[in-house]
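Peer 1: generate a structure from the sequence data that follows.
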Amino acid sequence: MREKKQFNRDLFELYFEQTWLQRHEAKIERLLELAHTKDERELILDLLKHFNYIGEDRLQLLLGAMANRICHELAVPEEKTQVVTTAIDNEPDSSQMLLQMLKNRLTENGFTKIAKRSRGHEAIKYCHERPNIIVVEEFSGTGGTIISRVTELNRRIQDKAKSKGLTINPRIVVCLLATMRSALERIKDADIEVYAEFEMAAGISQRIDPENIMQKKRLMVNIETRLDQARMQPFPSLGYGQAEALFFIQNGNPPNNNFPVFWWKHLKDGGSFFPLLERDEPNYDY
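Peer 2: Coordinates of the predicted model:
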């Protein structure tokens with residue numbers, strides 16, 4: 001009885017701290033059914049309490065901070081600057097969504113002449129006239145995509161300069177709306193100029209007391225065994241790149257860096273699962 005009362009109290013505190021979860025009570029109940037022990041339930045509740053949910057008001061504050069950074073803190077002349085996304089193909093991309101939301105913010109800050117490109121590689125065409133290239137992205141979970149995009153962009157710009165007998169010294173700056181702390185450090189270690197408006201610790205490894213980290217990870221891996229892991233290979237245990245993310249922008253596509261228990265759609269026993277987060281994952285076998 002005492003354990004039941006404590007559990008109900010924990011749920012009350014969860015909904016009080018994370019008001020967005022109040023409209024997902026059935027999904028929370030189903031999620032907690034994945035936990036077969038008290039320790040597993042406590043882990044899921046703890047992660048939910050520390051989830052970084054970005055609602056509309058918070059999103060607007062972050063967009064305002066990013067626009068201010070681009071227009072005022074980076075000290076770049078708008079006539080020689082272009083803002084690009086990390087997108088490289090025709091698939092809808094979170095960085096394109098971010099740039100769309102930033103457009104009016106840039107204008108409001110007086111940057112009416114800054115160029116905006118929907119795909120990162122388009123910056124190469126104009127890199128001689130606009131050598132200041134600001135790459136924007138909604139979220140970085142591991143830093144890998146950012147590093148590969150900037151490396152490729154630099155390489156192709158220098159190939160163009162060499163072929164045309166030009167000297168081009170671009171300043172490439174990465175502006176992230178949100179990032180995992182480890183991803184930010186990895187990008188910096190690659191000698192890339194990068195800024196983030198919101199930085200997050202890994203849900204277990206960088207937030208739990210060190211002596212309990214391995215035990216908590218084992219609990220989560222055990223919970224993951226109840227998911228149909230064959231739906232995606234390799235299975236992104238603890239989130240893609242083991243990022244241990246707890247991040248979701250309202251009406252956005254949640255990153256696959258989130259713990260799979262929050263976005264997986266099938267159980268190992270063959271049953272369907274209605275996850276807390278609805279993610280469109282191209283590598284998932286629906």
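Peer 1: rest of the way, CA atoms for contacts and neighbours
Peer 2: Noted.
Peer 1: please report how far L184 lies from E197.
Peer 2: L184 sits 11 Å away from E197, taking CA to CA, to the nearest Å as the criterion.
Peer 1: looking at these two, which is more packed in?
Peer 2: L184 (23 against 16; other CA atoms under 10 Å).
Peer 1: element containing the more buried one, please.
Peer 2: Element membership of L184, judged by DSSP states H and E, is helix 181-189.
Peer 1: who does the helix or strand following that helix pair up with?
Peer 2: Toward the C-terminus, helix 181-189 is succeeded by strand 193-196 as the next helix or strand (DSSP H and E). Strand pairing for strand 193-196, determined by DSSP bridges: strand 171-180 (parallel).
Peer 1: which residues touch the strand it pairs with?
Peer 2: Strand 171-180 is contacted by residues 62-63, 66, 131-142, 146, 150, 192-202, 243, 245 when judged by CA atoms under 8 Å, 6 or more residues apart in numbering.
Peer 1: try it again at 7 Å.
Peer 2: 62, 66, 131-141, 193-202 (CA atoms under 7 Å, 6 or more residues apart in numbering).
Peer 1: quick one: the most centrally placed residue in the chain and G241, what's the gap?
Peer 2: Central residue check for the chain by CA atoms, centre = their mean: the C-alpha nearest the mean position is that of F139, 3.1 Å away. Relative to G241, F139 is positioned 14 Å away (CA to CA).
Peer 1: do the same with L61
Peer 2: When L61 is compared with G241 (using CA to CA), they lie 28 Å apart.
Peer 1: if we can go back for a sec, the residue nearest to the centre of the chain should be in a strand, yeah?
Peer 2: Yes: for F139, which was evaluated using DSSP: H, G, I helix; E, B strand; the rest coil, the result is membership in a strand.
Peer 1: so who does it touch?
Peer 2: 176-179.
Peer 1: before we move on, back to that, which one of L61 and G241 has more residues nearby?
Peer 2: Of the pair L61 and G241, G241 is the one with more neighbours under other CA under 10 Å, namely 16 against 11.
Peer 1: show the pLDDT at the nearest residue to that one once chain neighbours are set aside.
Peer 2: What sits nearest to G241 in space, not counting adjacent residues and going by CA to CA, 6 or more residues apart in numbering, is T142, at 6.3 Å. According to the prediction, T142 has pLDDT 98.
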